[in-house]
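Structure here, sequence nowhere to be found:
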C-alpha cells in the first residue's frame, strides 16, 4: 500500500534522540528551548511555545486570548475537529464559515457577510481560527482586516503549513494573526512523533501560554503574589495542564528542521507533477492562490461526478493506493449535530466532502510510486 502520507526518519534523527536519552534531561528542558528557537528563527516570529500536540497548542492559544463561557469561536467546517474543539475545551460556543471552493479555506466574502450580520445581532466571535488547508495559507490579507474591523482575534491553524510562505513572508511569522499553530504529527511536513507549537509576537501571550502548558505554575518571583518562601518556591497562578513537549521529541524536531526545505521542495515537485499528469481527467485539481506558496501537506482531487465518489475511493484502496479523505465537515459530526448543526448548513463544504479524495503525497514518495498512483486514478475513472 502506498500511503497518503508518512514520516521520513533518518540515521541523524535517531542519533539526535539517542543523544537525549543519554543526557540529564528527558522531559521539557534545554533541547525543547533550542527547538522553539529554531522554529521561531526560521519563520520570523518573536516567541515559540512547544507543546505535546497541536491540539494542546490550540487550547492554550484560546485560553491566552481569554476565550471562555459565553464567548464564540468561528472556524472552517473543512478541518480536523481540533480546530473547533479547542473552543469547547474553554466552555465557548462554536460556529463555522463556509469555504472558498477553490482553496478549501475560509471564504473571505462569506466571512465578511457573516461578521456584518453578527455585528447587527450583537453576537460577534471573540476568535477566528483560520485553517491553512493542505499547506496553503488562507487569504489573510483580506481576512485579517475584516476580523480586526470587528475587534476579533485571529489564530492561524497552520498545522499543515510549516515551510509555506504567503505574500513574501513565511507562514508562522504572525504578521496576520495573534497566534499561529504548527503540528508535527508523523504525516505532517516534519515530525516530532506527536507535538505542536504556538508562535506569537506578543510577549504577554507567550508568557501565558508557557505557563498554561505546565500546570499554570511559575517560578518567576516578579509574577508571584508575595516574595518566595525560598529557592524551592513556585506558585500556581492559573488552572493549567501538562502539555509539555519531551526532550526526545524536540531533538527529533531539531534534526528534522535541518531538512525542512528539502522536504517542502520535494512535495512541491510532486504536486507539480500531479498537476501535469492528472490534467484532462474528469476531476478538479487543487487551485493555487496568487501570493501563496503551499508546503503541500495534502494533494486533494475532487471528482466531477460525486455519485462515483465511494466507488473510486474503494477502487484505489483495492489497488494498493492508500487514499484518504480530509475532512468530514466538522458540523456534521454527531457531537456538533447535537449542538444544533445539520445538513445544508454549509453547502460548499458539504459539496467538497462529496467529491474529495486525498492522494499520496509525502517527501518519500518515489517517481515510480507517483506514476503508479496516476495510473490507478486514470483506471478508476475510466
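All right, it came through fine. Just so we're clear, the structure is a prediction, and the values are computed from it rather than from any experiment. Numbering: from 1, shown residues only.

Help me confirm that residue 64 comes into contact with residue 205.
Yes. Look at residue 64 against residue 205 with Cβ atoms under 8 Å: they come within range, at 4.7 Å. For the C-beta atoms, the positions are set from N, CA and C on the backbone; glycine is no exception.

For these two, indicate the residue with more neighbours.
residue 64 (26 against 22; other Cβ atoms under 10 Å).

contacting residues around that one?
Contact analysis of residue 64 by Cβ atoms under 8 Å, 6 or more residues apart in numbering lists 179, 205, 208, 209, 212.

would a markdown table of these with secondary structure, distance to residue 237 and pLDDT be doable?
Formatted as a markdown table, the contacts of residue 64 follow (DSSP: H, G, I helix; E, B strand; the rest coil; distance: Cβ to Cβ, whole Å; pLDDT from 0 to 100):
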| residue | secondary structure | distance to residue 237 | pLDDT |
| --- | --- | --- | --- |
| 179 | strand | 20 | 99 |
| 205 | helix | 15 | 98 |
| 208 | helix | 9 | 97 |
| 209 | helix | 13 | 98 |
| 212 | helix | 10 | 98 |
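
where exactly do the strands run in the stretch 201-350 of the chain?
For the stretch 201-350 of the chain, the strands defined by DSSP state E, counting those that start in this stretch cover 217-218, 235-236, 283-284, 292-293, 299-303, 321-322.

Just give the strands next to the second one in its sheet, each with its orientation.
Okay, so that is strand 235-236. strand 217-218 (antiparallel) (DSSP bridges).

quick one, strands of the stretch 1-150 of the chain?
2-3, 47-51, 72-75, 93-96, 127-131.

Excluding chain neighbours, what is closest to residue 30?
Leaving aside its chain neighbours, residue 30 sits nearest to residue 247 (7.9 Å; criterion: Cβ to Cβ, 6 or more residues apart in numbering).

Surely the one you found touches residue 20?
Yes. At 4.7 Å, residue 247 and residue 20 qualify as touching, with contact defined as Cβ under 8 Å.

who touches both of the two?
Between them, residue 247 and residue 20 share these contacting residues under Cβ under 8 Å, 6+ apart: 26, 31.

More neighbours: which of those two?
Each of residue 247 and residue 20 has its neighbours counted (other Cβ under 10 Å); residue 247 has more, 24 against 20.

And that one, what's its pLDDT?
Residue 247 carries a pLDDT score of 98 in this model.

And it, how close does it get to residue 62?
27 Å (Cβ to Cβ, to the nearest Å).

any idea how far residue 361 lies from residue 274?
Separation of residue 361 from residue 274 (Cβ to Cβ) stands at 8 Å.

Now the common contact residues for the two.
What both residue 361 and residue 274 touch, as defined by Cβ under 8 Å, 6+ apart, is the set residue 299.

Could you name every residue contacting both of residue 64 and residue 205?
Shared contacts of residue 64 and residue 205, defined by Cβ under 8 Å, 6+ apart, comprise residue 179.

I figured residue 380 hits residue 309, correct?
No. Assessed by Cβ under 8 Å, residue 380 is found out of contact with residue 309, at 11.1 Å.

These two: which is more packed in?
Remark: of residue 380 and residue 309, residue 380 carries more neighbours, 21 against 17, as counted by other Cβ under 10 Å.

how about that one, what does it touch?
Counting by Cβ under 8 Å, 6+ apart, residue 380 makes contact with 311, 312, 315, 316, 319.

quick check, nearest of the residues you listed to residue 119?
Using Cβ to Cβ, residue 312 is the member of the contacts of residue 380 that sits closest to residue 119, with 43.3 Å.

Look up the closest residue to the closest one, ignoring the ones flanking it.
residue 380 (4.8 Å).

Which secondary structure element is home to the one you found?
Secondary structure assignment for residue 380, by DSSP states H and E: helix 367-381.

Please spell out which residues along that helix are buried.
Buried residues in helix 367-381, defined by neighbour count with 16 or more other Cβ atoms under 10 Å: 369, 370, 372, 373, 374, 376, 377, 380, 381.

same thing with stretch 302-309?
Applying 16+ other Cβ under 10 Å to stretch 302-309 flags 302, 303, 309 as buried.

What of stretch 141-159?
Buried positions in stretch 141-159, judged by neighbour count with 16+ other Cβ under 10 Å: 142-144, 146-147, 152-159.

need the contact list for the residue nearest to residue 23 when sequence neighbours are not counted.
Nearest non-adjacent residue to residue 23, counting by Cβ to Cβ, 6+ apart: residue 247, 7.2 Å away. Applying Cβ under 8 Å, 6+ apart, we find residue 247 in contact with 20, 23, 25, 26, 27, 28, 29, 30, 31, 32.

Cool, thanks, signing off.
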